[in-house]
Structures are given as structure tokens and as C-alpha cells.
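Engineer: fold the stuff below for me.
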Amino acid sequence: MEWATRPLHMRFSNPRLEKLTSRVICLSVCAAFLVVLAVVLNFASGENILDEFHVPQNVTGGPASQRVAMTTQRKLMAAVGILVLALIVPCCGYCGAKHNNKSLVCCFSCCNCMGGCLNLLTSILIVLSMLAIGGIESVCIPSNPEGKERCKSILDACSKFTSSEFVLDTYEGCYDFMMSKTPFIQGILAFLLALKCCSVCFECSSAYYGHELYKEMDRGVCIDSADEAGSE
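Structural biologist: Residues are numbered from 1 along each chain as shown. Coordinates of the predicted model:
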């Protein structure tokens, strides 16, 4: 990954420092790209504001359109704010590695370590949720009188849905309706679990290389050719 530092015209006192600096810069740039992509996708997915306010698309005037414009402005401001906050950690890694700043590299490493731990806990919760959904299928089966008594609360959940295929007023119909949605829910959870596992690997790698670069900075100094030229 040493190619990551070549456009920056940086010189290093030892090869290991060059390798660690290149990796931290590369991870920081990738993290920044993913942050921008996530914010843009989230903003774009919530852009259908006309449906949210039940306003016909041919209506262009009146108070409803003003609410739409104000909501769009608020969403845009929120997206910009989230983007700025989310870019702090990648910027710490990039600037710390480029300018030989141990404090910024330490911030980059620690924040990624905490993020990796949180995503790991989230992954565990997702796995437990998937196991719980599988347990509900066997415990709450209508042929089991004890399970039927224990799972009466699913009727309350079914009261919030409508279906033309299932009779949701009965326990059996509600159970069948819930079980018909189980593969879809577990598929979403599996997709989220895969994303969280990727996030854990990415953040743990960032934390590790940031920590190694922090330690290596005590033994070697990265020299920017522009600063060196200025000193000459």
C-alpha cells in the first residue's frame, strides 16, 4: 500500500513507518468514502417527502408545499451535520499520518477501537435476535397448549397489521402470518449481520494499524518533502 503516500511526496526514516503510514491513510480515505456514500444514500432514500405529507405531485403552491420545502431543508442540514461529525475520525487518521501528529493518530485508533467494540456487541444482539425468532416458531406453535398460552401477546402485534390471506383475529391465523414473515426478517437480519461483521473487521484493522503507527512514531519521523524544501 506504499502507493498511497506517493502522491503526497512523503519521505520516511524506515520502511515500516512508510508501510504503516500508507495503510492508515488508505483506511482513512476508504472510511471517508463510505461515510459520504452512507449519508448520501440515507438522504436520497428519505427524499420522497410528497408521499410523507400525502400531497399530490401536481400541487405546487400552498402551505403543504412550504412544509415540503422546509422539511427538505431540515433534512439537508441534518445530513450535512451528520457528515461533518462522521468525517472527524477519518480526518484524524489522514491528518495524523500525513503530518506526523501522534495525538490525531491516537484519536483515530481509539475511536475505531470503540466503534469496533460497539459493532461487535450489535452483531451479537443480531445473532441472539435470529435465534429468538427461530425459538418463537417452535415454542408458540398452536398445537402446543403451553406455548399458546405463553405467546398470547402476538395477537396484540397482529392487531397492527392487515392481511387478506390470514385471519389475524385468531391465534392460529396470527401465528401463520408471523411465520410467513420470518424468512424475510431473518434475511434482513443476516444482511445487517454481514454489514456489521465487515464494519468490525474494518474498524479493528484501523485501530490496530493506528496503534502500531502511534508506537512507530516514537522511533522514526515522517518528513514531508514540501516542509523539507521550505526548511532548505
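Engineer: quick check: mean pLDDT of the longest helix anywhere in the chain?
Structural biologist: Looking across the chain with DSSP state H, the single longest helix is helix 171-216. For helix 171-216, the mean per-residue pLDDT is 90.
Engineer: report all helices and strands that it contacts.
Structural biologist: If you count contacts as 3 or more CB pairs under 8 Å, 6 or more residues apart in numbering; DSSP states H and E, helix 171-216 packs onto helix 15-45, helix 88-98, helix 102-139, helix 154-158. The way it works is simple: take the backbone N, C-alpha and C, and place the C-beta from them, glycine included.
Engineer: helices or strands up against the first one?
Structural biologist: Helices and strands touching helix 15-45, as assessed by 3+ CB pairs under 8 Å, 6+ apart, comprise helix 63-86, helix 88-98, helix 102-139, helix 171-216.
Engineer: pLDDT below threshold where in this structure?
Structural biologist: 1-12, 46-70, 155, 220-232 (pLDDT under 70).
Engineer: re earlier: out of the helices and strands packed on helix 171-216, which is the most enclosed?
Structural biologist: helix 88-98 (a mean of 22; mean count of other CB atoms under 10 Å).
Engineer: just want the angle from it to helix 102-139.
Structural biologist: Inter-element angle recorded for helix 88-98 and helix 102-139: 140 degrees (by axes from the mean of the first three to the mean of the last three CA atoms, to 10 degrees).
Engineer: contacts for helix 88-98 next, please.
Structural biologist: 8, 10, 21, 24-25, 27-29, 31-32, 35, 101-108, 111-112, 115, 206, 210, 213, 222, 224 (CB atoms under 8 Å, 6 or more residues apart in numbering).
Engineer: go with 7 Å
Structural biologist: With contact meaning CB atoms under 7 Å, 6 or more residues apart in numbering, helix 88-98 is reached by 8, 21, 24-25, 27-29, 31-32, 35, 101, 104-105, 107-108, 111-112, 206, 210, 213.
Engineer: over to stretch 159-166?
Structural biologist: Here stretch 159-166 makes contact (CB under 7 Å, 6+ apart) with Leu168, Gly173, Asp176, Phe177.
Engineer: now the last one, nearest residue through space, not along the chain?
Structural biologist: Using CB to CB, 6 or more residues apart in numbering and skipping the chain neighbours, the partner closest in space to Phe177 is Phe166 (4.1 Å).
Engineer: helix/strand/coil for that neighbour?
Structural biologist: Following DSSP: H, G, I helix; E, B strand; the rest coil, Phe166 is assigned to coil.
Engineer: and the gap between it and Ser159?
Structural biologist: To Ser159, Phe166 is 13 Å away according to CB to CB, to the nearest Å.
Engineer: ok, Leu118 next?
Structural biologist: From Leu118 over to Ser159 (counting by CB to CB), the distance is 34 Å.
Engineer: ditto for Ser22
Structural biologist: 58 Å.
Engineer: and if you look at Cys92?
Structural biologist: Separation of Cys92 from Ser159 (CB to CB): 49 Å.
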